[in-house]
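A.B. asks: could you look at this predicted model? Sequence included:
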Amino acid sequence: MSISTGLRANSEFPGKEPFYFKSFDRIIGVAHNVNELRSEFGRLLNVDPKALEYHLREGHIVQWLEYIGEVELARRLIGISDPGTAYEIINNYLTGSRDTTTEEKPSTRQGRRPSRRSRNSRKT
């Protein structure tokens, strides 16, 4: 016996559960992939930004992105709780734009030269 939820089946993405945006006990949005996540973010920014903030702050979106294999985008959203900033990060990820808010800094410290060990470790 199956339970009808009224939501479309996940036939396009077999084996992966969609992300359900919830506000209290109501489902206010569903995303099956990153494109749909961006679309729902854009819509919900005007409808219920507090729900987006909740899901970001609690790490639900990061966990779901890791689950569906979008590890790079998940990494960029770690610690982000502002829905507007998250939307920009998602949009930049999808359009291939550089994301300066979460970009990693070079590992060399300013004012210090790299160690000589790395240059001398290879003998000729």
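C.D. replies: Arrived safely. Numbers count the residues shown, from 1 in each chain.

A.B. asks: helices along this protein, start to end?
C.D. replies: 34-47, 49-57, 60-67, 71-77, 83-95, 117-120 (DSSP state H).

A.B. asks: what does the first one rub up against?
C.D. replies: Think helix 34-47. Outside of helix 34-47, the residues within contact range by Cβ atoms under 8 Å, 6 or more residues apart in numbering are 18-19, 21, 28-31, 51-52, 61, 65, 70, 73, 83-84, 86-87, 90-91, 93-94. In this view, the C-beta of every residue, glycine as well, is placed from N, C-alpha and C.

A.B. asks: could you rerun that using 10 Å?
C.D. replies: 12-13, 18-19, 21, 23, 28-31, 33, 49-52, 55-56, 61, 64-65, 68, 70, 73, 83-84, 86-91, 93-95 (Cβ atoms under 10 Å, 6 or more residues apart in numbering).

A.B. asks: where does pLDDT dip in this protein?
C.D. replies: 1-14, 98-124 (pLDDT under 70).

A.B. asks: which among the contacts of helix 34-47 count as buried?
C.D. replies: Among these, those classed as buried by 16 or more other Cβ atoms under 10 Å are 18-19, 21, 23, 28-29, 31, 51-52, 55-56, 61, 64-65, 68, 70, 73, 83, 86-90, 93.

A.B. asks: wait, L73 touches I89, no?
C.D. replies: Yes. In this structure L73 lies within contact range of I89 using Cβ atoms under 10 Å: 7.6 Å.

A.B. asks: right, I'll call it a day here.
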